[in-house]
Structure formats: structure tokens, C-alpha cells
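Enquirer: Can you look at this prediction? I've put the sequence above it.
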Amino acid sequence: MFLYISSSPELIYRHLGGGPNDFWRLFVPLVGGMMAGTFLSGRLAGRLSHAHAVDLAYGLMLTGALINLALATGLEPTAFRVIAPLVLYASGMSLAMPNLSLMALDLFPAHRGLASALLGFLQTGSNALVAGLLAPLLAPRLPTLAGGMLVLSATGFMLWRLACRRHWLPASAALP
């Protein structure tokens with residue numbers, strides 16, 4: 001999920017022509033997107049099921065990834081064209097994570113501490129693998145970086161839908 005964020009210095013320096021003091025141009029909008037997603041998550045809590053909120057979140061992330069790929073392949077990169085879709089993606093990611101975490105913890109009600117620790121380990125480990133192995137391979141070209149973002153997002157969405165269909169989630173979280 002953090003493919004673009006993990007390679008952000010590469011993005012700013014190589015693809016957007018920024019310098020060492022320009023990292024804020026990417027960081028501030030992304031944090032704003034994450035704050036918007038967190039705000040939306042709080043507003044939707046109790047109004048939508050966790051599963052519906054995650055579906056909405058994946059809608060935002062996939063839309064941001066598709067727009068990002070279209071702009072990366074069709075137009076000359078500018079700060080706005082590269083960063084705006086990432087803000088949408090970050091909003092979706094921040095909407096999804098609290099809901100996914102709560103559903104994962106609900107699977108192990110008697111062992112929530114262990115489940116939380118394992119969830120954190122898996123998230124950190126997978127982010128490290130993407131940032132350390134995949135992002136450097138895709139970073140030389142902006143379209144491949146955007147394509148990687150879309151592939152990872154679509155893979156996450158397919159796994160999410162598979163989990164819903166197979167009822168790995170508690171009945172209260174499953175989609176109708």
C-alpha cells in the first residue's frame with residue numbers, strides 16, 4: 001500500500017526535479033490526505049459496517065491509482081499531476097486501516113493483544129519488503145511506479161473480496 005510513499009525521495013528528486021529541501025511538497029499533501037481519510041473514517045463509524053467502509057476505501061485507492069497511472073503514462077509529470085492522485089489514495093488507505101484492523105482483532109477476541117502484535121508485524125514487514133525490494137525496481141520510471149501502485153491496490157482489493165466471499169470475517173462484517 002505504501003509503494004509510492006516509500007519511494008518518495010526518489011519521486012521528488014528524480015521525477016519532479018526537486019531538491020533535498022522539497023520533500024515537504026509531497027509529505028504535507030499526503031499527510032493531509034491521511035487526515036482526511038481518518039476524519040472520514042470517524043464520521044462513517046457507526047453509520048456504515050466495517051466491510052462497507054473498506055469497500056469505499058478501496059474505491060478511493062483504486063480510483064487514485066488509476067488516475068495516477070493515466071497521468072503518469074499520458075502527460076509530462078508535474079507536482080500536481082503526480083501528488084493529487086496520491087492524496088486520494090492516502091485518504092482511502094486511512095479510511096481502510098482502522099476498519100481492517102478492527103475486523104482482524106475481532107477474529108481473535110480472546111487474544112487481541114497477540115493479534116494486534118502480529119498484525120503490526122505483518123504490516124511493518126510487508127511495507128519493508130515493498131519499500132526495500134519492489135519500489136527500487138519500479139522507481140526508475142514513473143509509469144512503472146504508478147503501475148506497481150495499481151497492481152498492489154488491485155491485489156489487495158481482490159484478496160479483500162475473497163475474504164468476504166469465503167466468510168473469513170465475522171458475520172457482522174460480511175457483505176450482504
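Expert: Structure's in. What do you need?

Enquirer: Report the outermost residue of the protein with respect to its centre.
Expert: Ala110 (28.9 Å; C-alpha atoms, centre = their mean).

Enquirer: Give the residue spans of this protein that score low on pLDDT.
Expert: Residue ranges of the chain with pLDDT under 70: 1-13, 167-176.

Enquirer: rewinding a little: for the residue farthest from the centre of the chain, give its distance to Asn99.
Expert: Separation of Ala110 from Asn99 (C-beta to C-beta, to the nearest Å) stands at 21 Å. Every C-beta, even on glycine, is put in place using the N, C-alpha and C of the backbone.

Enquirer: Which positions in the top helix by length along the chain come out as buried?
Expert: In the chain, assigned by DSSP state H, the helix with the most residues is helix 79-106. For helix 79-106, a neighbour-count test (16 or more other C-beta atoms under 10 Å) marks 79, 81-101, 103-104 as buried.

Enquirer: Check which element follows it along the chain.
Expert: Sequence-wise, the next helix or strand downstream of helix 79-106 (DSSP states H and E) is helix 112-129.

Enquirer: mind exporting the helix or strand following that following helix as CSV, just the C-alpha atoms?
Expert: In the C-terminal direction, the helix or strand that comes right after helix 112-129 (DSSP H and E) is helix 135-138. The C-alpha coordinates for helix 135-138 follow below in CSV (Å, rounded to 0.1, in the frame of the first residue of the first chain):
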residue,chain,number,x,y,z
ALA,A,135,9.9,0.2,-5.0
PRO,A,136,13.6,0.4,-6.1
LEU,A,137,12.9,-1.9,-9.1
LEU,A,138,9.9,0.3,-10.2
